[in-house]
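[1] Got a predicted structure plus its sequence, pasted below:
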Amino acid sequence: MQLFSHQQIGQLWLRRKSFALLADEMGLGKSAQIITASDALRPPKIIVLCPSIARFTWEREFEKFSLFSPSVELVLKRKQQLYDKRDVVVCSYDLLICPDIYYQLAAYRNTLLVLDESHFLKEPKSKRTQAVFGLKVDARTGLAARAAVCWAASGTPAPNYSHEFYSLLRAAKQVKCTYEAFQQRYTVTRQVRIGERRPVANKNQDQLRKLLHPIMLRRTKKEVFPDMPELIYSELPVDTSDANPIPYFPQKFLKGDTTGAKLKKEVTLADETLLEMLKELEDDPAAQVALLERDTKHNTTLQRYIGLCKIEAAAEWSEQFLMNNKDEKLVIFAIHRDVIESLRQRLRIFNPLIIYGGHSAEKKEKRRQYFMERYKHRIMICNIDAASTNIDLSAASNELFVEQKWSPYVNHQAAMRCHRLEVEKTVNAYFMSMRGTVDEAIARVMTRKLTEMTDIIEKPSIDERLGELL
C-alpha cells in the first residue's frame, strides 16, 4: 500500500535506529511506518507488545502494509503455546507478565521488538516495564536485551509529566541516573502530605529535548497535512440546576438515603470547596493540576454525580443531533458504568453499542466493526480508558464527552479515534460541562496542561528532521 511522504521519511528514519521512539500524533500511521521499515530489516522474528485491544489492529496492519505477507500469531491466552515458525508474535502488555508467555518470548534472539503505546511502560517499577527493560530499566535484561532492534511508538509518550520519559531514555542509554534523580531534574514536585511528594510541573525542558532528539521523531497532523480537516474542540455548557441524578445513582452509594438529600449535600460541599480551591490557585496552574490529581473519595463521588446530572441533557442533545443529521453517527465518551448504562437506556432507539474496559479484545473489535459497517448502530458509547487508544471509530465525525478524565492527553487521545487520515470531514468534539460548577473550571485547567505537555515533544520541526535524512 502506498505510503504518505511523512511515512516514507519515518520508515527511513527508523531503519537507521537500533532504538527509536516514533512519537507522531495519533492517526498519522505509526504502524504503517514500523511495518514498512521492518520489511527492509527482515529480522528473524518480530515481537509486537501493545494494549489488548490493539492486537487485532496489528494483524490487519501487517496484512495491509507488509510486502512479504508474514504469518502473524496473536497471544490471546495466559498459557498459550507459541509456534516457532510464526514471523510475527503480537502480545498484550497484560499477558506479557504471565510467566508462561514471558519465557517463550524471552527465548527468541535478535528480534525486532515493537513497543506500541509505549507510555504503558512509563512506570519503571511496574512488572511490564521490568519485563521489557529489566529490573534496572537499562535494557541489559528483559526482552529488550534479547532484541537486535527496539522501536517504541506513542502519540503521547509522556501523558502527564517529563519524568515519564525516564524508562525509554534509560533503556536507550541516553541517561544513567536513577529515576529519582531524573524526576528531580526535569519535574517540579510539591509535598501533598507528610512523606509524600507529587509532580506538579515540568522544568529544564530544553535539556530534555536534547536528550530526546537522537531517539525521537515527532510530527503533528497540522504540520504534515496543513489542509487536513480539523479536529475542533467545543464547549457545551448545560444548565442542570433542575436535574435529578438520584434515579440513576447506584443504591450502594446512597446507603439508605432514598431521597438523595444527604448525598446532594455532600457533593454540593465538595463542589464548592474544590471550586474555591481552584480559584485560589488560579495563578498557579501546576498547583491546580496537583490538586485535581489527588482524586480523593469526595472528588470521585463528585465526578460520578456530575456525570449523572448530565444524563438527560446529553440524551436530549444526542437525540436532536441524530434526528437533524440522518446520515451521521455519534461517539459518546464517559467514565462511570452507571453513566454509560443510563445513556444506553435513554438512547436505545439508536441501537447504541457499548465498549467497557472489562470487555475482551475480541468483543471490543466485534462491536467496533458493527459500528463502522452497520447504519442501524448510530451511537457508540465508550469508556474513555477502554477506547482512547488503538481503535478506529472514524465512521463518526462527531463526539460528545459527557464526562472527561482529569488528564487532558487521555481526552485528546480519545477524541483522535474519529480523526484519522482517511477522514474527509471536520471532526467535532463537544465537551459537555455543568454551568457554574467545578466541571467548567476543570475544563480550563486541562486545556492549560495539554498546552504545556505539547510544547515538550513538538520540537524540532519536520524540516529539521528531514534535513538529517538527506
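    Alright, I've got the coordinates.
[2] Could you point out the helix or strand that follows the strand or helix carrying residue 366?
    According to DSSP states H and E, residue 366 maps onto helix 361-373. Sequence-wise, the next helix or strand downstream of helix 361-373 (DSSP H and E) is strand 379-383.
[3] what does that next one contact?
    318, 322, 329-335, 337, 340, 343-344, 347, 350-357, 367-368, 371, 393, 396, 414 (C-beta atoms under 8 Å, 6 or more residues apart in numbering). Just so you know, the C-beta spots here come from the backbone N, C-alpha and C atoms, and that holds for glycine as well.
[4] quick revisit: which helices and strands does the helix holding residue 366 pack with?
    In terms of contacts (3 or more C-beta pairs under 8 Å, 6 or more residues apart in numbering; DSSP states H and E), helix 361-373 is packed against helix 55-65, strand 353-355, strand 379-383.
[5] With mean neighbour count, distance to residue 237 and mean pLDDT as added columns, please give those in TSV.
    As requested, these are exported to TSV (neighbours: other C-beta atoms under 10 Å; distance: least, C-beta to C-beta, whole Å; pLDDT from 0 to 100):
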stretch	mean neighbour count	distance to residue 237	mean pLDDT
helix 55-65	19	36	92
strand 353-355	21	26	95
strand 379-383	25	21	96
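[6] Including distance to residue 108, could those go into a markdown table?
    Output for those, formatted as a markdown table (distance: least, C-beta to C-beta, whole Å):
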| stretch | distance to residue 108 |
| --- | --- |
| helix 55-65 | 17 |
| strand 353-355 | 33 |
| strand 379-383 | 34 |
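[7] To residue 119, which of these lies closest?
    helix 55-65 (17.0 Å; C-beta to C-beta).
[8] Pull up the pairing partners for the following helix or strand past that closest one, direction included.
    Helices and strands here follow DSSP H and E; after helix 55-65, the next one along the chain is strand 72-74. Its sheet considered, strand 72-74 pairs with strand 88-92 (parallel) by DSSP bridges.
[9] for the helix or strand following the partner strand, packing partners?
    Using DSSP H and E, the helix or strand that follows strand 88-92 in sequence is helix 93-96. In this structure, helix 93-96 makes packing contacts with strand 46-50, helix 99-106, helix 127-133, judged by 3+ C-beta pairs under 8 Å, 6+ apart.
[10] who touches whichever helix or strand comes after the last one?
    It stands for helix 127-133. The C-terminal neighbour of helix 127-133 among helices and strands, as given by DSSP H and E, is helix 143-146. For helix 143-146, contacts defined as C-beta under 8 Å, 6+ apart pick out 47, 49, 96, 102, 105-106, 108-111, 113, 131-134, 139, 150, 171.
[11] Could I have the ChimeraX command that selects the buried members from these?
    Burial among the contacts of helix 143-146 is assessed by 16 or more other C-beta atoms under 10 Å; the matching ChimeraX selection reads:
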select :47,49,96,102,105,108,111,113,131,132,133,134,139,150,171
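[12] Tell me, what's the model's pLDDT at residue 252?
    If you check residue 252, the pLDDT there is 64.
[13] Likewise for the one 3 residues further on?
    pLDDT for residue 255: 66.
[14] Please apply the same query to residue 401.
    So, for residue 401, pLDDT stands at 94.
[15] show me what contacts it?
    Contacts of residue 401 (C-beta under 8 Å, 6+ apart): 332, 333, 334, 384, 411, 414, 415, 429, 430, 431, 432.
[16] Are any of those residues buried, and if so which?
    By 16+ other C-beta under 10 Å, the contacts of residue 401 give 332, 333, 334, 384, 411, 414, 415, 429, 430, 431, 432 as buried.
[17] which secondary element of this protein has the worst mean pLDDT?
    helix 462-469 (a mean of 51; mean pLDDT, DSSP states H and E).
[18] related to what we said a few turns ago, and the contacts of strand 379-383, which of them are buried?
    Using 16+ other C-beta under 10 Å as the burial test, those include 318, 322, 329-335, 340, 343-344, 347, 350, 352-356, 367-368, 371, 393, 396, 414 as buried.
[19] Please parse this structure into its domains.
    Under automatic domain parsing, the residue ranges defining each domain of the chain are 5-220, 231-454.
[20] For residue 417, give its distance to residue 391.
    From residue 417 over to residue 391 the distance is 6 Å, taken as C-beta to C-beta, to the nearest Å.
[21] those helices in the stretch 101-250 of the chain, which residues are they?
    127-133, 143-146, 166-171, 179-186, 205-212, 221-224 (DSSP state H, counting those that start in this stretch).
[22] out of those helices, which comes closest to residue 197?
    Residue 197 lies closest, by C-beta to C-beta, to one member of the helices of the stretch 101-250 of the chain: helix 179-186, at 9.3 Å.
[23] pretty sure residue 370 contacts residue 354?
    No - counting by C-beta atoms under 8 Å, residue 370 stays clear of residue 354, with 11.1 Å between them.
[24] on that earlier part again, can you tell me which of the contacts of strand 379-383 are in helices?
    318, 322, 337, 340, 343, 344, 367, 368, 371, 414 (DSSP state H).
[25] Report the two of those separated the most.
    Greatest spacing in these, by C-beta to C-beta: 322 and 337 (23.1 Å).
[26] Any idea how many residues pack against residue 423?
    The local packing of residue 423 (other C-beta atoms under 10 Å) involves 18 other residues.
[27] how close does the nearest residue to it once chain neighbours are set aside sit to residue 231?
    Leaving aside its sequence neighbours, residue 423 sits nearest to residue 394 (C-beta to C-beta, 6 or more residues apart in numbering; 5.2 Å). Using C-beta to C-beta, we find residue 394 at a distance of 12 Å from residue 231.
[28] Same question for residue 79.
    Residue 79 is 42 Å from residue 231, by C-beta to C-beta.
[29] The two: which is more packed in?
    residue 231 (20 against 9).
[30] doesn't residue 414 make contact with that one?
    No - in this structure residue 231 lies outside contact range of residue 414 using C-beta under 8 Å: 11.4 Å.
[31] export the buried ones among the contacts of residue 401 to a markdown table and tack on distance to residue 198?
    As requested, the buried ones among the contacts of residue 401 are exported to a markdown table (distance: C-beta to C-beta, whole Å):
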| residue | distance to residue 198 |
| --- | --- |
| 332 | 32 |
| 333 | 26 |
| 334 | 27 |
| 384 | 22 |
| 411 | 21 |
| 414 | 24 |
| 415 | 27 |
| 429 | 29 |
| 430 | 31 |
| 431 | 26 |
| 432 | 29 |
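[32] Can you tell me which of the helices and strands packed on helix 361-373 is nearest to residue 235?
    strand 379-383 (20.3 Å).
[33] helix or strand right after the closest one?
    Counting by DSSP H and E, the next helix or strand C-terminal to strand 379-383 is strand 398-401.
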